[in-house]
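J.: I need the structure of the sequence given here:
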Amino acid sequence: MVKRKIIWSLRAKEDLFEILDFYYKRNGTKTFSINLHSDFRKNIKILEKHPEIGLKTDIENVRNLIDGNFSIFYEITVNEIHILSVWDNRQDLEKLQLK
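T.: Have a look, this model is predicted:
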């Protein structure tokens, strides 16, 4: 089993920040955002070891790891996993941009 390097796209970094910032502002505390960020980190560690765990999408080599209300869209290459987007599944799917 090969452990692939995780590469975050700028879009994915922005998505994650926006989600965490939204809950910080909404709740007036960092607690939920910290816990949510921890959940994302745990899911990324799972992807490192088991990249095929996510659901296949219509885009070649792109998968979707769903955890509750959130999805991590990623692309698998031989040596890397590219995180393309972090998505709140309650948003309008037509706004989702992966590439």
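
J.: only C-alpha atoms for contact and neighbour calcs from this point on.
T.: Will do.

J.: kindly list the longest strand within this protein.
T.: For the chain, the strand that runs over the most residues, judged by DSSP state E, is strand 80-88.

J.: all helices in this protein, in order from the N-terminus.
T.: Applying DSSP state H to the chain gives helices spanning 10-27, 31-49.

J.: what does Asp58 show for phi and psi?
T.: Note on Asp58: its backbone torsions stand at phi -70, psi -10 [degrees, to the nearest 10].

J.: give me the neighbour count for it.
T.: 7 (other Cα atoms under 10 Å).

J.: switch the helices of the chain over to JSON lines; also include mean neighbour count, distance to Asn64 and mean pLDDT.
T.: Formatted as JSON lines, these follow (neighbours: other Cα atoms under 10 Å; distance: least, Cα to Cα, whole Å; pLDDT from 0 to 100):
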{"stretch": "helix 10-27", "mean neighbour count": "15", "distance to Asn64": "13", "mean pLDDT": "94"}
{"stretch": "helix 31-49", "mean neighbour count": "15", "distance to Asn64": "11", "mean pLDDT": "93"}
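
J.: how about those helices in TSV, adding distance to Gln91?
T.: Formatted as TSV, the helices of the chain follow (distance: least, Cα to Cα, whole Å):
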stretch	distance to Gln91
helix 10-27	11
helix 31-49	17
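
J.: returning to what we had before: tell me what the longest strand of the chain is packed against?
T.: strand 5-8, helix 10-27, strand 70-76 (3 or more Cα pairs under 8 Å, 6 or more residues apart in numbering; DSSP states H and E).

J.: I'd like those as JSON lines, with distance to Asn43 appended.
T.: Shown next, in JSON lines, are the helices and strands packed on strand 80-88 (distance: least, Cα to Cα, whole Å):
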{"stretch": "strand 5-8", "distance to Asn43": "12"}
{"stretch": "helix 10-27", "distance to Asn43": "13"}
{"stretch": "strand 70-76", "distance to Asn43": "9"}
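
J.: among those, which is nearest Arg90?
T.: strand 70-76 (8.2 Å; Cα to Cα).
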